[in-house]
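Asker: No letters, just coordinates:
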């Protein structure tokens with residue numbers, strides 16, 4: 001993620017600032033964390049996930065990793081209205 005490139009170079013980790021239960025939390029994210037997350041093999045989910053369960057996938061239209069066409073190719077997908085002009 002481009003957001004972490006400079007902190008990785010300068011200090012070896014990046015800070016992930018999120019709100020959890022109304023409180024600001026800062027977690028350290030290391031390059032190997034992103035690599036592990038990005039390389040997680042989730043191919044088993046398509047067959048292992050119960051067919052009767054609906055799945056909602058939400059991501060930005062500019063997502064180059066998991067494009068909208070990949071999401072819509074799923075046999076569970078339903079096209080929802082797009083929120084144009086929103087960033088992700």
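Answerer: All right, it came through fine. From a predicted model like this one, the values you see are computed outputs, not experimental measurements.
Asker: burial of residue 4, as a residue count?
Answerer: Using other C-beta atoms under 10 Å, the number of residues around residue 4 comes to 17. Bear in mind the C-beta positions are built from the backbone N, C-alpha and C, glycine included.
Asker: Select the longest helix from this structure.
Answerer: helix 2-11 (DSSP state H).
Asker: Just after that helix, pick out the following helix or strand.
Answerer: Downstream of helix 2-11, the next assigned helix or strand under DSSP states H and E is strand 14-20.
Asker: center of the protein - which residue?
Answerer: Against the mean C-alpha coordinate of the chain, by C-alpha atoms, centre = their mean, the closest residue is residue 59 at 7.6 Å.
Asker: ok, it to residue 6 distance?
Answerer: Computed as C-beta to C-beta, to the nearest Å, the residue 59 to residue 6 distance reads 24 Å.
Asker: Then residue 23?
Answerer: Residue 23 is 26 Å from residue 6, by C-beta to C-beta.
Asker: okay, those two: which has more neighbours?
Answerer: residue 6 (10 against 7).
Asker: The more buried one: what's it in contact with?
Answerer: By C-beta atoms under 8 Å, 6 or more residues apart in numbering, no residues touch residue 6.
Asker: What separation is there between it and residue 31?
Answerer: Applying C-beta to C-beta to residue 6 and residue 31 gives a distance of 12 Å.
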